[in-house]
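Asker: need coordinates for the following:
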Amino acid sequence: MPIQSVIRPLVWFITVLLLSSVSSRFESLGDELQLRGIVWRRADCSFSSTT
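Answerer: Next up is the predicted model:
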């Protein structure tokens, strides 16, 4: 059994794991940024309504 046939699926598996973890991090980061944007908009509205 050649080493390449063992390494290739292993590399593919590790790559899939890394990509899935990175994409889930970006999704949670996007949610956090959305929440911050909503909070900032509310703050802007409250400041503009008092003036």
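
Asker: check the offset of the helix or strand harbouring residue 20 from the chain's centre.
Answerer: Assignment of secondary structure by DSSP states H and E places residue 20 within helix 3-50. Computed by Cα atoms, centre = their mean, to the nearest Å, the chain-centroid distance of helix 3-50 equals 1 Å.

Asker: quick one: residue 5 from residue 15, how far?
Answerer: According to Cβ to Cβ, to the nearest Å, residue 5 stands 17 Å off from residue 15. The way it works is simple: take the backbone N, C-alpha and C, and place the C-beta from them, glycine included.

Asker: which stretches of this structure have low pLDDT?
Answerer: 1, 38-51 (pLDDT under 70).

Asker: and for residue 6, the neighbour number?
Answerer: Close neighbours of residue 6, defined as other Cβ atoms under 10 Å, add up to 10.

Asker: and if you look at the one 10 residues further on?
Answerer: With neighbours defined by other Cβ under 10 Å, the count for residue 16 comes to 10.

Asker: list the contacts for residue 27?
Answerer: Applying Cβ atoms under 8 Å, 6 or more residues apart in numbering to residue 27 gives no contacts.

Asker: now do it against residue 33, distance only.
Answerer: 11 Å.

Asker: what of residue 6?
Answerer: 41 Å.

Asker: give me the common contacts of residue 27 and residue 33.
Answerer: Common neighbours of residue 27 and residue 33, counting by Cβ under 8 Å, 6+ apart, are absent.

Asker: just the CA trace of stretch 6-13, in CSV.
Answerer: What follows is stretch 6-13, C-alpha atoms only, in CSV (Å, rounded to 0.1, in the frame of the first residue of the first chain):
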residue,chain,number,x,y,z
VAL,A,6,-2.9,6.7,3.1
ILE,A,7,-1.9,10.4,3.4
ARG,A,8,-4.3,11.8,0.8
PRO,A,9,-7.5,10.9,2.6
LEU,A,10,-6.0,12.0,5.9
VAL,A,11,-5.0,15.4,4.5
TRP,A,12,-8.5,15.8,3.0
PHE,A,13,-10.1,14.9,6.3
